[in-house]
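1. pasting a predicted model and its sequence here:
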Amino acid sequence: MAEVIFSKIGIIGGGISGLAAAKELAQYEPVVLEATDSIGGVWKHCSFRTTKLQTPRCDYEFSDFPWPLRDNSSFPSYAEILDYLSSYATHFDLFKFIKFNSRVTQIRLATDQPHDKPLWEVAAVQTINGSTLVQSAIDLALECAQANQGEEGKSCTMVVRTSHWIVPHYSIWGLPFYLFYSTRFSQFLHQRPNQGALRNLLCLLLSPARKATSKLIESYLLWKLPLVKYGLKPDHPFEEDYASCQMAILPDTFFSEADKGKINFKRASSWWFSEGGVEFDDNTKLEADLVILATGYDGKKKIRDVLPQPFCSFLEFPSSGGMMPLYRGTINPYIPNMAFMGYVESVSNLHTSEIRCKWLARLIGGKFKLPSMEKMVEQIQTEAEIMKKTTRFYKRTCISTFSINHSDEICQEMGWTSWRKKTWLAEAFSPYNSRDYQQQDTAAN
């Protein structure tokens, strides 16, 4: 007979969002159901030998658990990140909440409820072993090239449907990258929710400066990297990739392997398997012993597969263009007593996941109440319209161009001061990270 567990809080997944949620909701003794045998999420099961963090470590840390040697400018490897997450879970005694090798396959509403609010049952949990990998094309191509050295080594061909801008490091023409997009001053150039008529006018007047910023970065990348040589120059502005969280940091030796002929590139809008390899829409063929699909995954489909009707039909609004409707990146107004952590992306997913978990813990604790459904839907639609205006890749649901404003509004709902720096100069020109939200949190507790 299957074990029956009763808990006020159930958390699915032991990645960064699941760990942050478990820590913030620890007073309720949550049950964390992790499908694999370890924590870490994609860092554990979707990483390769060369996989590294794509931001400086000080921009990827929990507010109350700093990195050792946090001022080290090198990007941590996936192994260092797993050590950091394990230390975090140990420090806050989170392992006691986690049930490993437990994959959730179905969620349903409890029947015959005597309660005012609906309760959810995790109806089927399979105990499994092993894990499923999800590929990253740039990392995989480099791994293949490094493994296939020598005269007998064969080249790897990377098939590219849509080129995206890649960045070699966090410096543009000698200036730190955060100055361009990650300060209040820089984000002032971009539209944000609830900004009013005057801000709308200012955004229109400042649009040449916003476009010039994108062009400045593009000019550096085209000078620094052989994107034109290899046919990898994107057809869209850099700003659109940043706004959709698709900016990627280039592995150190990627193009040196391409220069040696170990990595080839093929632009194609569509392809299909054929005898001996792959065929493309321009009638060319590629012989291949092995084809690895690095096409990402559909997170919405994973949610839809476990939710019952009618709730799984509420994962999209007709007017949202396919985006998942989430108030504060967390609450779907039409799905009761359920939160979605880590779905809406930013340039620092750990920071946004953590602050949303703080917000959720205070909501559950009765420190504030949600606005009406109409107000939540209005906010969601406003954010969706901004993303659709900013990038053609809006379905990824990314808040990077208004991430500081997003945190501001979360702080305001929690009753916190939204401006977190000590001086006006720092507010305008220094970047925000998780540490900026630590001190007041400590005082509030």
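-> That came in fine, so what should we check first?
2. which residues of the protein fall in strands?
-> Remark: strands assigned in the chain by DSSP state E are 10-12, 31-33, 98-99, 102-109, 120-127, 156-160, 166-167, 171-172, 175-176, 248-249, 263-267, 271-274, 277-280, 285-287.
3. what sits up against the first one?
-> To tie it back to what came earlier, the one meant is strand 10-12. Strand 10-12 is touched from outside by Gly18, Ala21, Ala22, Leu25, Pro30, Val31, Val32, Leu33, Phe97, Val104, Trp120, Val122, with contacts defined as Cβ atoms under 8 Å, 6 or more residues apart in numbering. All C-beta spots, glycine's among them, are computed from the backbone N, C-alpha and C.
4. low pLDDT regions in this protein?
-> Applying pLDDT under 70 to the chain flags residues 1-3, 111-116, 124, 126-134, 297, 319-321, 439-445.
5. single out the most deeply packed of the strands of the chain.
-> strand 31-33 (a mean of 22; mean count of other Cβ atoms under 10 Å).
6. how about the strands of the chain in a markdown table, adding distance to Lys215?
-> Listed next are the strands of the chain as a markdown table, based on distance: least, Cβ to Cβ, whole Å:
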| stretch | distance to Lys215 |
| --- | --- |
| strand 10-12 | 43 |
| strand 31-33 | 46 |
| strand 98-99 | 47 |
| strand 102-109 | 46 |
| strand 120-127 | 49 |
| strand 156-160 | 23 |
| strand 166-167 | 15 |
| strand 171-172 | 12 |
| strand 175-176 | 15 |
| strand 248-249 | 20 |
| strand 263-267 | 23 |
| strand 271-274 | 32 |
| strand 277-280 | 32 |
| strand 285-287 | 35 |
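7. out of those strands, the one nearest Ser207 is which?
-> Proximity to Ser207 (Cβ to Cβ) singles out strand 171-172 among the strands of the chain, at 20.0 Å.
8. check which helices and strands that closest one sits against.
-> Packing partners of strand 171-172 (3 or more Cβ pairs under 8 Å, 6 or more residues apart in numbering; DSSP states H and E): helix 207-224.
9. export the helix it packs on to CSV, keeping only CA atoms.
-> What follows is helix 207-224, C-alpha atoms only, in CSV (Å, rounded to 0.1, in the frame of the first residue of the first chain):
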residue,chain,number,x,y,z
SER,A,207,14.0,55.0,-27.5
PRO,A,208,17.0,56.2,-29.6
ALA,A,209,19.3,55.8,-26.6
ARG,A,210,17.9,52.3,-26.0
LYS,A,211,18.5,51.3,-29.6
ALA,A,212,22.0,52.9,-29.5
THR,A,213,22.8,50.7,-26.4
SER,A,214,21.9,47.6,-28.3
LYS,A,215,23.9,48.7,-31.3
LEU,A,216,26.9,49.5,-29.2
ILE,A,217,26.9,45.9,-27.7
GLU,A,218,26.3,44.4,-31.2
SER,A,219,29.3,46.3,-32.6
TYR,A,220,31.6,44.9,-29.9
LEU,A,221,30.4,41.4,-30.3
LEU,A,222,30.8,41.5,-34.1
TRP,A,223,34.3,42.9,-33.6
LYS,A,224,35.3,40.4,-30.9
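10. give me the contact list for that helix.
-> Contacts of helix 207-224 (Cβ under 8 Å, 6+ apart): 165-168, 172-173, 180-181, 186, 189-190, 227-228, 233, 237-239.
11. cool, and stretch 82-90?
-> By Cβ under 8 Å, 6+ apart, stretch 82-90 touches 16, 19, 23, 39-40, 43-44, 61-62, 65, 67, 76, 94-95, 98.
12. quick one on the thing from earlier: identify, from the contacts of strand 10-12, the entry nearest to Ile9.
-> Proximity of the contacts of strand 10-12 to Ile9 (Cβ to Cβ) peaks at Pro30, which lies at 3.7 Å.
13. nice, that's everything, thank you.
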